[in-house]
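Participant: When you get a sec, could you give me coordinates for this:
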Amino acid sequence: MRTFLSAVLVVLVTVLVPAGAVAYWADRELGNADRYTAAMSPLAGNTAVQGVVVTQARRALAGQIDAGPFQGGVDALLGEALRSFAGTPAYRTAWDAANRAAHAAFLQALTTGDGNAVTIDLAPVIEQIKGELVADGVPFADRIPVTHVSVKVMEYDNLGALRKGFRMLQIAGIWLPVLTVVLAVAAIAVAVRRRRAVIATGLGVAAGAVLLWIAVAVCRRLTLDDLPADIDRAAAAAVYDALTAFLRTTAWVILAIGLGAALAAWLTGRLRRTP
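Facilitator: This is a model prediction of the structure:
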C-alpha cells in the first residue's frame, strides 16, 4: 500500500511540475511590471521588432507634417531617422518606457479586459524621436505630434478563452510549486524503500521538466499559427520567446535537479554494495 501511494504521489509530482512552473511564471513574472519590462527589454535590439516599430511609427507620422512640396523628402528623412534612432540608447530607454506603460494593458487583455490583442503604445518612442530630430535640426520636426500609436505584438481569435486559465494560474501562484515540493517529499517519506523512491521522484521531476519544455514549444507553434495575417510572425515569435524565457530556463534547471537527485541516489546504492 505504501509503495502504491508513493507511486501515485510521484505521478502527481510529474504533472504538477509544469503546472507549478507556469503558475509561478504567470503570477511572479508576467504579473510583475519590473520583470515584464526586463523580459521585453532585450527586444529593443531585435531586428524584427525594430522593423515593426519603425514601420508603425513611420505610418503614424506620415502625413502628420504639412511640408507642402517637400512632403516626400520629409517623409523619407523621417523614415531614415527612425531606422537610425532604433539603434540608439535613447531608443532602448523609450522602448522600456513603452513596455512598462503597456504592462497594465497586457494584464487587462489576459484577465478581465476586452479585446483580443496585446499592444504597445509607441508614444514614448515617438516623443524621443521628436526630441532627437529637433535637436539635430531636422526641418519640420517640431511639428511632429506625439500621438498614441498602438502596435499589435500579439493577437488571437480566442484570447478570451485564455483569460480564465491565466487567472487561475495567478491565483495558484507560489502555492502550486510549494505543493509540488511537499508531495515530492511525501512520496519519499511514505515509501518502503526510500532510496528507490528518491530515484523515482527524481525521474518524475525530470519528466515534468520535459513536459514543461514540450508545452512551451507546442504553445509557441499554436500561438504563431493563430496569428492574423497582418501580424509580423518574426516579431511575434521574438515576443513569445522573450516572455517564456523564464519557463525554458526553469525547465532546464528542474531537469538538472531531478536527474541529479536520481543519479545521486543510484550512486549511493551502488557504493553501498561495493565491498
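Participant: Neighbours of residue 81, how many?
Facilitator: 19 (other Cβ atoms under 10 Å). Heads up, the C-betas are built off the backbone N, CA and C, glycines and all.
Participant: Check which helices and strands the helix or strand it falls within sits against.
Facilitator: According to DSSP states H and E, residue 81 maps onto helix 71-85. With contacts taken as 3 or more Cβ pairs under 8 Å, 6 or more residues apart in numbering; DSSP states H and E, helix 71-85 sits against helix 47-61, helix 123-135.
Participant: what comes up buried for that helix?
Facilitator: Neighbour-count burial for helix 71-85 flags 74-75, 77-79, 81-82, 85 (criterion: 16 or more other Cβ atoms under 10 Å).
Participant: Send me the next helix or strand after it as PDB with only the CA atoms.
Facilitator: Next helix or strand after helix 71-85 toward the C-terminus (DSSP H and E): helix 89-110. The C-alpha trace of helix 89-110 is given here as PDB (Å, rounded to 0.1, in the frame of the first residue of the first chain):
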ATOM      1  CA  PRO A  89      20.400  54.000 -26.200                       C
ATOM      2  CA  ALA A  90      17.600  56.600 -26.300                       C
ATOM      3  CA  TYR A  91      15.500  54.200 -28.200                       C
ATOM      4  CA  ARG A  92      16.100  51.500 -25.600                       C
ATOM      5  CA  THR A  93      15.100  53.800 -22.900                       C
ATOM      6  CA  ALA A  94      11.900  54.700 -24.800                       C
ATOM      7  CA  TRP A  95      11.200  51.100 -25.500                       C
ATOM      8  CA  ASP A  96      11.400  50.200 -21.800                       C
ATOM      9  CA  ALA A  97       9.100  53.100 -21.000                       C
ATOM     10  CA  ALA A  98       6.600  51.900 -23.600                       C
ATOM     11  CA  ASN A  99       6.600  48.400 -22.300                       C
ATOM     12  CA  ARG A 100       6.200  49.500 -18.700                       C
ATOM     13  CA  ALA A 101       3.200  51.600 -19.800                       C
ATOM     14  CA  ALA A 102       1.900  48.600 -21.700                       C
ATOM     15  CA  HIS A 103       2.100  46.200 -18.800                       C
ATOM     16  CA  ALA A 104      -1.300  47.300 -17.400                       C
ATOM     17  CA  ALA A 105      -2.900  46.800 -20.800                       C
ATOM     18  CA  PHE A 106      -1.200  43.400 -21.100                       C
ATOM     19  CA  LEU A 107      -2.600  42.200 -17.800                       C
ATOM     20  CA  GLN A 108      -6.000  43.600 -18.700                       C
ATOM     21  CA  ALA A 109      -6.000  41.700 -22.000                       C
ATOM     22  CA  LEU A 110      -5.200  38.500 -20.200                       C
END
